[in-house]
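>>> missing the sequence, but the structure's below:
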């Protein structure tokens, strides 16, 4: 089981990397998410309980070419309405699909069942599907993906070790500042080993994996697309605010890459300067409409131009919330995740610990 102490720690990227590696060496793998967190609606309706497959599981399966029978259906869906139903029923045991999940995992499948837990160790308690409960029910080993900030990050790992006990196989430290990689491997990893926490990987922070598509920003901001609606798949890695004078802005923009630039609709000088830099989309706030010359230049450079009703501060807050909090649903991210896991995780050692 792949788990984490907090949501959006990189679980799906690790599942993707491990599953793809196993496929490459001809080892069978099934993937699933007992408590789904995102389900695609079909004609406004969710799939039936017996075919409840999380969107992340579907995406990973499609990327690495898994057939449908190798995608393990979820038992329940984490959502406000299902949580309210569970609460009113006052039942903490998993739903009827749980026995089907147990039967599937107890069959004669010769390979690795790779299950992704919910966002944190405790998430899913209301459904009887928390990481700790699942690990004990299935006798499975747990690999945690943990966002590394500094040595204070250890407290959460120690708490997880107490909760999971012998189920905890080890951890992969993620989102490490590249300059700190060597120091972590030389000093922190051995220190964790002395605390009986095995480290199977130290992965660097990735702007690409934290990035968000222009299309996602349009959705979150409820923005109007003025031009280049066919370029919404562009990836945004950084955010810049065009509120300074144009000379300062040009110098600042040159230092950034793959930006979303937020500026007032009346700042045509800043808008034109942004278009000449590494800008993936230009987001206009406040009253007024862009000048025709700006729209023409944006179309020439194929930079989507968005207009929002929100003020600049609210717009920036929405965009900042999006970074690092979107799902791994772009092929370019998947390709990068493969490489990241294979280069920075000791998968052979991991499989030896699993007796494979």
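Arrived safely, thanks for sending. Note that the coordinates shown come from a computational prediction; the quantities given were computed from them, not determined experimentally. Numbering: from 1, shown residues only.

>>> which residue ranges form the helices in the stretch 151-300 of the chain?
Secondary structure of the stretch 151-300 of the chain by DSSP state H, counting those that start in this stretch: the helices cover 154-164, 181-183, 189-194, 207-210, 214-221, 246-254, 268-275, 292-301.

>>> So which bits of the first one are buried?
Applying a neighbour-count criterion of 16 or more other Cβ atoms under 10 Å, the buried positions in helix 154-164 are 154, 156, 157, 160, 161, 163, 164. C-beta here means a position set from N, CA and C on the backbone, and glycine is covered the same way.

>>> Got the domain ranges for the chain?
2-206+328-353, 212-322 (automatic domain parsing).

>>> Save the ones you listed as a markdown table, and put in mean pLDDT too.
Supplementary listing: the domains of the chain in a markdown table, determined by pLDDT from 0 to 100:
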| stretch | mean pLDDT |
| --- | --- |
| domain 2-206+328-353 | 92 |
| domain 212-322 | 90 |
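
>>> just checking, what's the longest strand in the protein?
strand 168-176 (DSSP state E).

>>> Could you figure out how far it is turned away from helix 154-164?
With axes from the mean of the first three to the mean of the last three Cα atoms, to 10 degrees as the basis, strand 168-176 and helix 154-164 are set at 160 degrees to each other.

>>> Would you list the strands that strand 168-176 pairs with, along with their directions?
Applying DSSP bridges, strand 168-176 is found paired with strand 142-147 (parallel), strand 199-204 (parallel).

>>> ranking those strands by burial, who's on top?
A comparison of the strands paired with strand 168-176 by mean neighbour count, using mean count of other Cβ atoms under 10 Å, puts strand 142-147 on top with a mean of 24.

>>> Run the chain-centre distance for it.
Distance of strand 142-147 from its chain centroid, counting by Cα atoms, centre = their mean, to the nearest Å, is 14 Å.

>>> quick check: angle from the helix or strand where residue 339 lies to strand 168-176?
Residue 339 is part of helix 331-344, with elements assigned from DSSP states H and E. Here helix 331-344 runs at an angle of 120 degrees relative to strand 168-176 (the same axes, to 10 degrees).

>>> hmm, who's touching the next helix or strand after helix 331-344?
The element immediately downstream of helix 331-344 (helix or strand, assigned by DSSP H and E) is helix 347-353. Residues from elsewhere that reach helix 347-353 (Cβ atoms under 8 Å, 6 or more residues apart in numbering): 17, 18, 21, 141, 143, 169, 170, 198, 200, 341.

>>> give me that answer again for 6 Å
Helix 347-353 has contacts (Cβ atoms under 6 Å, 6 or more residues apart in numbering) with 21, 169, 200.

>>> Same question for stretch 220-231.
Contacts for stretch 220-231 (Cβ under 6 Å, 6+ apart): 295, 298, 299, 302, 304, 305, 306, 307, 308, 318, 322.

>>> residues touching the nearest residue to the second one once chain neighbours are set aside, list them.
With Cβ to Cβ, 6 or more residues apart in numbering as the measure, residue 305 is the residue that lies nearest to residue 298, at 4.6 Å, once sequence neighbours are left out. By Cβ under 6 Å, 6+ apart, residue 305 lies in contact with 226, 227, 282, 298.
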